[in-house]
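Visitor: Below: sequence and its predicted model.
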Amino acid sequence: MNLTPRQIVEELDKYIIGQSKAKRAVAIALRNRYRRSRLPKELREEITPKNIIMRGPTGVGKTEIARRLAKLVGAPFIKIEATKYTEVGYVGRDVESMIRDLVEVAVRMVKDEKSHEIEAKVSPIVESKLIDAICDTRRASDIAVDKTIATEDLRAGKLENEQIEVSVLDSQRPMVAIGGPEINIGSVFDGLLPQRHKKRRMSVQRARELLTSEECDRIIDKDNVYAEAIRRTEEEGIIFIDEIDKIIGKAGGSNNQDVSREGVQRDILPIVEGSTVATKYGNVKTDFILFIASGAFHVSNIEDMIPELQGRFPIRVDLDNLTKDDFKRILSEPKNSVTLQYASILKVDNIDLQFTDDALDEIAEMAATENETSENIGARRLHTIMESLLEDISFNASDEMPMTTVKIDRAYVQNAFKETKKKFDLKKFIL
Ligand SMILES: Nc1ncnc2c1ncn2[C@@H]1O[C@H](COP(=O)(O)OP(=O)(O)OP(=O)(O)O)[C@@H](O)[C@H]1O
Ligand SMILES: [Mg+2]
């Protein structure tokens, strides 16, 4: 958890090619939170996080960096689109909802951890409930029942798909709309409303999941969970505000849209500056939450943001445009690279997909050219190219055929796109 900036960058390198300035910036911001946490309390209170704005063209890894970062540190993390608060008819611009969502994530995280710790403890109870349900269900449809054998079969994993009637907590709760957002009163009054059990039909596997989580919920001390969730939200939470450039109007602009955008900035300001937001788990202080904003900034500039908000994002990093060489690396190097993804998907249907080095060159070259000649969509271009490149194989593969190795080389790539060009030409004629 206490990774050094160097280690953080190394981890990010496994998924994101290039963009070293942005990686360094987020790595430092993250480490600084750890550094701060080691300080005496009085000093700690004085040091607020240095929020970051990432600026760069579309599809070059802004969102990806934020996503990977959050996974890496196991911190409560949410990503929001700033534009959602400018939507026409958005009543009252509930920007505080981002904090409530973040706490929700933290609660789930803490609950999962705690459940994991006590799963072993509840498993005998769950097992005996499952066995009862299995026997009852069989009896109801006049199947001979032998509890010992059922127990053995269950333990051997033979009954996972058997359908059983089992009594589980009724998760459906009354919803009411109180002049605006729908509120789930069941969860607001958690624990106040009587919990109802209901018989439902499902697989043994699903029943085990539900019963386990029910039993865990019974044992886990909710107040502890909520307190820990709030602590993590306040001290480790990260909010990624995407499309921030879209809530920046033209400097001095005074049309309605500009005014509404500026309004959103003013609404967000107190949250970024530090305020207290009431959630159903308790109050959350937002002072130390880390905000990472990102945007393409095609039409607006950071400088057009209201000054108070600008001041809250002192770290600015520019992301680089991706080159042909970057594309080639993105195709093959990341742990979740596109080529790997397609290879593993097609393996299910007995295709062993292999890419030669010169095929990657060709694809990268095409992506770079396409981005120059039509719209620049960054690395997303690779996805569209790969999709049409493999369309034919994807369509024809099925697991009825024996394992086949398909080698994709430069010639294959060139050929594939010659074909589509022909098809396009043909269409022109028809029209
Ligand atoms: N530098 C990179 N290395 C590896 N993959 C990348 C890189 N840049 C983008 N990608 C891939 O391209 C896709 C789009 O990237 P991402 O969502 O990060 O774009 P973005 O910069 O946030 O763009 P936008 O401004 O449109 O939100 C993702 O699938 C991502 O994995
Ligand atoms: Mg993005």
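Guide: Looks like it came in fine. Ligands and ions are numbered 1, 2, ... in the order given.
Visitor: looking at this, residue 198 is in a strand?
Guide: Yes - Residue 198: assigned to a strand according to DSSP: H, G, I helix; E, B strand; the rest coil.
Visitor: quick thing: my sequence starts at 10, can you match it?
Guide: Taking 10 as the first residue, the last one we looked at is residue 207.
Visitor: What score does the residue nearest to it when sequence neighbours are not counted have for pLDDT?
Guide: Spatially, and ignoring its direct neighbours in sequence, residue 207 is nearest to residue 179 (4.2 Å; Cβ to Cβ, 6 or more residues apart in numbering). The C-beta positions use only the backbone N, C-alpha and C, and glycine is treated the same way. As predicted, residue 179 sits at a pLDDT of 79.
Visitor: Give me the neighbour count for residue 179.
Guide: Residue 179: 13 surrounding residues under other Cβ atoms under 10 Å.
Visitor: Pull the contacting residues for it.
Guide: 204, 205, 206, 207 (Cβ atoms under 8 Å, 6 or more residues apart in numbering).
Visitor: can you tell me which two in those are farthest apart?
Guide: 204 and 207 (10.3 Å; Cβ to Cβ).
Visitor: so what sits against both of the two?
Guide: Common neighbours of residue 204 and residue 207, counting by Cβ under 8 Å, 6+ apart, are 178, 179.
Visitor: Tell me if residue 390 really is in a helix.
Guide: Yes - using three-state DSSP, the secondary structure at residue 390 is a helix.
Visitor: Now for it: which residues touch it?
Guide: Contacts for residue 390 (Cβ under 8 Å, 6+ apart) come out as 68, 336, 376, 379, 380.
Visitor: Tell me the one of the residues you listed nearest residue 229?
Guide: residue 68 (42.0 Å).
Visitor: Tell me how many other residues crowd that closest one.
Guide: 20.
Visitor: Distance-wise, check it relative to residue 358.
Guide: The span separating residue 68 from residue 358 equals 29 Å under the rule Cβ to Cβ, to the nearest Å.
Visitor: Flag every residue of this structure that's near ligand 2.
Guide: For the chain, the contact set with ligand 2 under Cβ under 5 Å from the ion comprises 71, 72.
Visitor: So for the chain, the centremost residue is which one?
Guide: Most central residue of the chain, judged by C-alpha distance to the mean C-alpha position with Cα atoms, centre = their mean, is residue 76 at 6.4 Å.
Visitor: With adjacent residues omitted, what lies nearest to it?
Guide: residue 88 (7.3 Å).
Visitor: now the residue of the stretch 260-409 of the chain found nearest ligand 2, what's its secondary structure?
Guide: Distances between the stretch 260-409 of the chain and ligand 2 by Cβ to the ion are smallest at residue 303, namely 6.2 Å. In the three-state summary, residue 303 is assigned as strand, counting by three-state DSSP.
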